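Trainee: here are the coordinates; sequence isn't available:
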């Protein structure tokens, strides 16, 4: 019989996201045992209600939605009024001066990243990511004829290893992607670390004869703890592009509203913006959802209560400590990335699932021997999972 699917997609399906697999397993377990008897830390799907400004913005849009073209197409880069408001907000947030033409609105951060990759990648070139990393990066760069090269972070601390990055860069390196605050580790890169990365890429760009882009994936930028600051890369490097969304800070993951922002240091940014506006269209995203654009403008500057996540982080730390599971306390985002007792992350995650506790093996993030827990769930769920963690840990004593 003729092959139904492409060889590439068959391979993707065989190695598809462990995050989604565990999430789907959770759905089945909840049907079997009940919602309150399953402790699901598999998916970074924020449960906090959206800020009041989001609700007010949605109501205001609904009241005016009977006008002609209320749901019509906008320009591919976003409505001019939305881009202007976004540029003003990013300028204040990132400490730079951006104009409306320096930002593109997208259907979530993922579409912004794909648009940028399509605009700058040639077949056979590479994207370098520090591991552990968000596994979808592999698929995104492959969409555009490239491949992903992993550079391991520093052992146990998960901090960026700039020396290892330097050794990995070659003439085929087109871009480096950093994610801070990091998914899955919760690490926040310091200003000195970002400056070191930028200085390296400036030097290497000159050596290889083409720009090496620095793509900064920042959906958790708003969520840092213990006085930790998230530095802005836009003032540091001309080939920097920030990719983000309002999925986490406004609890809007399903609305798919994100953006790309270009460094004001890039003299050719009008050319790059024209390119990613084109690729945003030809990849099929066309324009960011119009409802999302209205909501975003109404709610810029609003965010969910960060203190809720802080309390949840501390609760998860208590549970893991009591179970005797080693971890590094996250400084940002809403994930823990503990060591897997016994060293086999898949075996330990399977043991957790037997206790109706769901995590994700670190192998799915390019870092076996660890596992990820998303603590964007009710604190009661975290506290009630303690027995399950303890029982799973006891199996590996």
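Mentor: That came in fine, so what should we check first? Computed from a predicted model, the values in this text were never measured in an experiment.
Trainee: Tell me how many other residues surround residue 348.
Mentor: Residue 348 has 26 neighbours, counted by other Cβ atoms under 10 Å. Every residue, glycine included, has its C-beta placed from N, CA and C.
Trainee: Can you tell me the closest non-neighbouring residue to it?
Mentor: residue 340 (4.1 Å; Cβ to Cβ, 6 or more residues apart in numbering).
Trainee: right, and residue 349 touches residue 41 too?
Mentor: No: the pair residue 349 / residue 41 is not scored as a contact, 10.4 Å apart, by Cβ atoms under 8 Å.
Trainee: Torsion angles phi and psi at the residue nearest to residue 348?
Mentor: As for residue 340, its main-chain torsions (degrees, to the nearest 10) stand at phi -80, psi 120.
Trainee: and if you look at residue 241?
Mentor: Backbone torsions for residue 241, taken as degrees, to the nearest 10, come to phi -130, psi 130.
Trainee: so where's the chain uncertain?
Mentor: The chain contains residues with pLDDT under 70 at 1, 13-20, 23.
Trainee: domain ranges for it?
Mentor: Residue ranges for the domains of the chain, per automatic domain parsing: 7-50+304-394, 53-299.
Trainee: Distance from the chain centre to the first one, please.
Mentor: A distance of 17 Å separates the centroid of the chain from that of domain 7-50+304-394, by Cα atoms, centre = their mean, to the nearest Å.
Trainee: what's the span of that domain from first residue to last?
Mentor: One end of domain 7-50+304-394 sits 42 Å from the other (Cα to Cα, to the nearest Å).
Trainee: Stretch 216-227 too?
Mentor: Per Cα to Cα, the first residue of stretch 216-227 is 21 Å away from its last.
Trainee: Flag every buried residue along that stretch.
Mentor: For stretch 216-227, the neighbour count (16 or more other Cβ atoms under 10 Å) marks 216-225 as buried.
Trainee: which residues in this protein form strands?
Mentor: Assigned by DSSP state E, the chain shows strands spanning 39-40, 103-106, 126-131, 147-152, 173-179, 213-217, 240-245, 258-262, 335-336, 357-358, 360-361, 371-374.
Trainee: Quick one: those as JSON lines, columns for distance to residue 88 too.
Mentor: Formatted as JSON lines, these follow (distance: least, Cβ to Cβ, whole Å):
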{"stretch": "strand 39-40", "distance to residue 88": "38"}
{"stretch": "strand 103-106", "distance to residue 88": "10"}
{"stretch": "strand 126-131", "distance to residue 88": "31"}
{"stretch": "strand 147-152", "distance to residue 88": "34"}
{"stretch": "strand 173-179", "distance to residue 88": "25"}
{"stretch": "strand 213-217", "distance to residue 88": "20"}
{"stretch": "strand 240-245", "distance to residue 88": "15"}
{"stretch": "strand 258-262", "distance to residue 88": "12"}
{"stretch": "strand 335-336", "distance to residue 88": "31"}
{"stretch": "strand 357-358", "distance to residue 88": "41"}
{"stretch": "strand 360-361", "distance to residue 88": "37"}
{"stretch": "strand 371-374", "distance to residue 88": "32"}
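Trainee: Of those strands, give the one that comes closest to residue 230.
Mentor: Between residue 230 and the strands of the chain, the tightest spacing by Cβ to Cβ is seen for strand 213-217, at 10.0 Å.
Trainee: re the thing from before, the residue nearest to residue 348: what's it in contact with?
Mentor: If you count contacts by Cβ atoms under 8 Å, 6 or more residues apart in numbering, residue 340 has them with 347-349, 361-362, 369-371.
Trainee: how near is residue 3 to residue 145?
Mentor: According to Cβ to Cβ, to the nearest Å, residue 3 stands 21 Å off from residue 145.
Trainee: More neighbours: these two, which one.
Mentor: Using other Cβ under 10 Å as the criterion, residue 3 and residue 145 rank with residue 145 on top: 13 against 7.
Trainee: re the thing from before, can I get the buried residues of stretch 216-227 in TSV with distance to residue 240?
Mentor: Listed next are those as TSV, based on distance: Cβ to Cβ, whole Å:
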residue	distance to residue 240
216	6
217	12
218	11
219	16
220	18
221	14
222	19
223	21
224	19
225	25
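Trainee: And these, which is closest to residue 289?
Mentor: Residue 289 lies nearest to residue 219 out of these, by Cβ to Cβ, at 16.8 Å.
Trainee: Would you check that the closest one makes contact with residue 109?
Mentor: Yes: contact criterion Cβ under 8 Å: residue 219 and residue 109 qualify, at 5.6 Å.
Trainee: Mutual contacts of these two, please.
Mentor: 244-245, 247, 258.
Trainee: Ranking by neighbours, what's the top pick from the residues you listed?
Mentor: residue 245 (27 neighbours).
Trainee: which residues does that residue bridge with?
Mentor: residue 258 (DSSP bridges).
Trainee: I would like the residues contacting stretch 132-148, please.
Mentor: The contact list for stretch 132-148, computed with Cβ under 8 Å, 6+ apart, reads 8, 12, 17-19, 110, 113-114, 117-118, 121-129, 150, 153, 158, 174, 177, 179, 182-185, 217, 337, 362, 364-367, 370.
Trainee: Got a quick PyMOL command for the buried subset of those residues?
Mentor: Only the buried members of the contacts of stretch 132-148 enter the following PyMOL selection, criterion being 16+ other Cβ under 10 Å:
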select buried, resi 17+18+19+110+113+114+117+118+121+125+126+127+128+129+150+153+158+174+177+179+182+183+184+185+217+337+362+364+365+366+367+370
